[in-house]
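1. pasted the sequence and its predicted model underneath.
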Amino acid sequence: MVEADESYDDIFPQSLFPFSRDRVSFITSQRNKLDGYLFLDLLATDIAGISDVQDFYPPADQQSLKDLYFRISNSNSDILKKHCLLYYILQDYNADRANDYAKNVLLPDSHKRLIDGIISLDRFEFKTAMTNLTHPGVRLQYTEKVLSTLLNHAENGALYVRMYVTATSPVLDTEHAARLYLQALCQISIASSILFLRTVSPYWRAGLFKILVEYYVGTGSGEHAYELANLALSEDEDELIRQELQQHAGLVAHNVLLVRGLHKRPESNVKPGTSEKSTRWAVFARQLKENPSQAIQL
């Protein structure tokens with residue numbers, strides 16, 4: 001394998017400096033959108049111990065680029081990790097040189113895909129990011145940041161989040177990661193949301209049920225309010241939903257609570273001759289579905 005610090009000039013020719021004002025502005029803007037940290041920043045900190053990469057990248061001039069290069073090459077990282085970092089920088093520098101570099105240093109396909117995926121996340125090129133990051137040979141840390149980036153910045157971000165979690169099976173071992181995934185699932189399916197809630201730590205469950213209630217009440221959608229009112233739950237789950245609805249201001253929450261308090265049989269199952277309670281549930285549920293923010297006529 002070629003040493004990462006064999007020749008700075010061979011990798012970054014002095015005659016070429018593509019970091020224009022617009023390019024620097026774009027990279028800086030992306031870092032700001034990502035809460036002050038590119039995925040590159042996290043990677044450089046974790047694998048090369050460069051915690052102040054923001055001071056060097058994007059480079060203001062050749063000297064800044066050279067300083068960053070030698071910070072990488074002189075770090076205690078193994079050679080493969082150095083190649084990965086330099087490959088990322090080269091993709092911003094010149095894509096053709098980056099691809100040539102990957103071939104010259106024999107960068108493994110899985111590592112190349114990983115860095116290509118990280119670059120695409122930093123650039124908000126989400127379709128390309130998913131193609132690389134969901135490849136079977138790729139494993140990326142920073143699950144919370146990946147989910148947050150997809151959810152907050154990608155069009156149809158909730159679908160991307162579900163795709164990423166389904167394909168890579170990351171361990172959602174923090175409450176924040178679980179919250180992000182639930183926020184995505186709420187936008188897709190209440191049934192999927194409940195199934196996920198049943199897998200999380202009991203210590204997180206109350207807070208996560210609050211997210212579910214706030215989403216399905218807060219959208220103002222009659223369909224969402226009806227789904228929440230008609231949701232089949234265990235006694236413990238029903239109690240958590242009831243508590244959250246009681247604490248939630250507004251007619252939608254009040255109406256959902258009222259309908260949930262009656263017979264939970266679906267409207268389509270109500271037949272002539274059934275109990276008055278079931279008939280009342282059907283009438284109330286129809287009102288909720290048609291106009292969830294209007295007081296139900298008792």
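-> Sure, I can see it. Residues are numbered from 1 along each chain as shown.

2. so what's residue 119 up against?
-> Residue 119 sits next to 40, 88, 91-92, 125 when contact means C-beta atoms under 8 Å, 6 or more residues apart in numbering. For glycine as for every other residue, the C-beta is placed from the backbone atoms N, C-alpha and C.

3. okay, now residue 163: neighbour count?
-> Residues near residue 163, counting by other C-beta atoms under 10 Å, number 16.

4. related to what we said a few turns ago, pull out the buried members of the contacts of residue 119.
-> Among the contacts of residue 119, those classed as buried by 16 or more other C-beta atoms under 10 Å are 40, 88, 91-92.

5. and those, which two are the farthest apart?
-> 40 and 91 (10.1 Å; C-beta to C-beta).

6. could you tell me the model confidence score at the closest residue to residue 246 other than its chain neighbours?
-> In space, residue 246 comes closest to residue 257 once its chain neighbours are excluded; the distance is 6.7 Å by C-beta to C-beta, 6 or more residues apart in numbering. pLDDT recorded at residue 257 is 83.

7. residue 257 contacts residue 243, correct?
-> No. Contact status for residue 257 versus residue 243: not in contact, 10.2 Å apart, counting by C-beta atoms under 8 Å.

8. looking at those two, which is more packed in?
-> Using other C-beta under 10 Å, the more surrounded residue of residue 257 and residue 243 is residue 257, with 18 against 14.

9. residues of the helix or strand containing the more buried one that come out buried?
-> Residue 257 is located in helix 251-260, with elements delineated by DSSP states H and E. Neighbour counts over helix 251-260 (16+ other C-beta under 10 Å) mark 251-260 as buried.

10. which helices and strands does the helix or strand hosting residue 167 pack with?
-> Taking DSSP H and E as the criterion, residue 167 maps to helix 157-168. Here helix 157-168 touches helix 126-133, helix 143-153, helix 175-188, going by 3 or more C-beta pairs under 8 Å, 6 or more residues apart in numbering; DSSP states H and E.

11. so for it, mean pLDDT?
-> Averaged across helix 157-168, pLDDT comes to 97.

12. just the CA atoms of that helix, as CSV, please.
-> Extracted C-alpha coordinates of helix 157-168, given in CSV (Å, rounded to 0.1, in the frame of the first residue of the first chain):
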residue,chain,number,x,y,z
GLY,A,157,-36.7,12.1,4.7
ALA,A,158,-38.9,9.8,6.7
LEU,A,159,-38.8,7.2,3.9
TYR,A,160,-35.0,7.5,3.7
VAL,A,161,-34.7,7.0,7.4
ARG,A,162,-36.8,3.8,7.3
MET,A,163,-34.8,2.6,4.2
TYR,A,164,-31.5,3.2,6.0
VAL,A,165,-32.6,1.4,9.3
THR,A,166,-34.2,-1.5,7.4
ALA,A,167,-31.1,-2.0,5.2
THR,A,168,-28.4,-1.5,7.9
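
13. going by neighbour count, which residues in that helix are buried?
-> Neighbour-count burial for helix 157-168 flags 157-158, 160-165, 168 (criterion: 16+ other C-beta under 10 Å).

14. tell me the one of those nearest residue 72?
-> If you rank the buried residues of helix 157-168 by distance to residue 72 using C-beta to C-beta, residue 168 comes first, at 27.1 Å.

15. from residue 183, how far out is the closest one?
-> Distance of residue 168 to residue 183, given as C-beta to C-beta, to the nearest Å: 18 Å.

16. that'll do, ta.
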